[in-house]
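*Asks:* kindly generate the corresponding structure for this input.
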Amino acid sequence: LVRMAQDWSLRVPLIDGQGNFGSIDGDPPAAMRYTESRLTKVAHELLEDIDKETVDFQDTYDASGSEPKVLPARFPNLLVNGSGGIAVGMATNIPPHNLGEVCNGAIALIDNPAIDLPALMEIVPGPDFPTGGIVLGRSGIYSAYSTGRGSIVMRGRVNIEARGNDRESIVITEIPYQVNKASMIEKMAEL
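*Replies:* Sure, this is the predicted structure:
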């Protein structure tokens, strides 16, 4: 729940959190009793038309009720917000992508199911990380899209600003995805 409210974790947050839901510095979220949450408008799209028999239902774990087997999902959450998980002997990490590019890519795939990867990558050129940063090279993206395995190397975005008296400052405006800002500052202080 906490991760779904963090705008530095998800491209499009699904939870509107009130209270402390952690920080990009790695600060932990507050205890559940000190926070409140509600679904965002985008999250409601995951449930739209669920009452119109668009998906099958199954019993809950204790058979006291029923739950949808899948969500109708008018919103391509898995591609837009990405995902990560670990199972026995395997792991996955799907990076977040731009909503407009994903929708345009889906339309292109529907219009032409035989579209090749280079043509699709003209529409969806790669991940779109919520914290920004610069992707170095495209071979890792192509490898990930074509084989399911790939590594994306990133760096932060910086500006050089004059501070007067012939001094300049390096101002970091974007950091790579999932980099803990406080740890990054500590490492810079050690230099």
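*Asks:* all strands for this protein, in order.
*Replies:* Applying DSSP state E to the chain gives strands spanning 15-18, 36-39, 57-59, 66-68, 83-87, 90-94, 134-136, 153-155, 157-164, 167-174.
*Asks:* which residues touch the residue located most distally from the centre of the chain?
*Replies:* In terms of distance from the mean C-alpha position of the chain, N165 ranks first, at 42.0 Å (CA atoms, centre = their mean). With contacts defined as CB atoms under 8 Å, 6 or more residues apart in numbering, N165 has no neighbours. All C-beta spots, glycine's among them, are computed from the backbone N, C-alpha and C.
*Asks:* cool, and A189?
*Replies:* If a contact means CB under 8 Å, 6+ apart, then A189 has no contacts.
*Asks:* separation between it and A182?
*Replies:* Remark: distance between A189 and A182 (CB to CB, to the nearest Å) = 11 Å.
*Asks:* same deal with V88?
*Replies:* If you go by CB to CB, the gap between V88 and A182 works out to 33 Å.
*Asks:* looking at those two, which is more packed in?
*Replies:* Just comparing V88 and A182: by other CB atoms under 10 Å the higher neighbour count belongs to A182, 12 against 4.
*Asks:* for that one, which non-adjacent residue is closest in space?
*Replies:* Excluding the flanking residues, the one nearest A182 by CB to CB, 6 or more residues apart in numbering is D25, at 3.9 Å.
*Asks:* count of residues packed around P127?
*Replies:* Using other CB under 10 Å, P127 has 21 neighbouring residues.
*Asks:* that one touches H97, doesn't it?
*Replies:* Yes: the pair P127 / H97 is scored as a contact, 5.7 Å apart, by CB atoms under 8 Å.
*Asks:* got any residues that touch both of the two?
*Replies:* G82.
*Asks:* mind checking how far the nearest residue to S83 once chain neighbours are set aside is from N77?
*Replies:* Distances taken as CB to CB, 6+ apart put I94 closest to S83, at 4.7 Å, once the chain neighbours are dropped. Distance, I94 to N77, using CB to CB: 11 Å.
*Asks:* repeat that for G22.
*Replies:* Taking CB to CB, one finds G22 at 21 Å from N77.
*Asks:* those two: which has the busier surroundings?
*Replies:* N77 (20 against 17).
*Asks:* what number of residues lie near R11?
*Replies:* The number of residues near R11, taken as other CB under 10 Å, comes to 21.
*Asks:* for the closest residue to it other than its chain neighbours, give me the pLDDT.
*Replies:* Nearest residue to R11, sequence neighbours excluded (CB to CB, 6+ apart): P96, at 3.9 Å. With respect to pLDDT, P96 scores 95.
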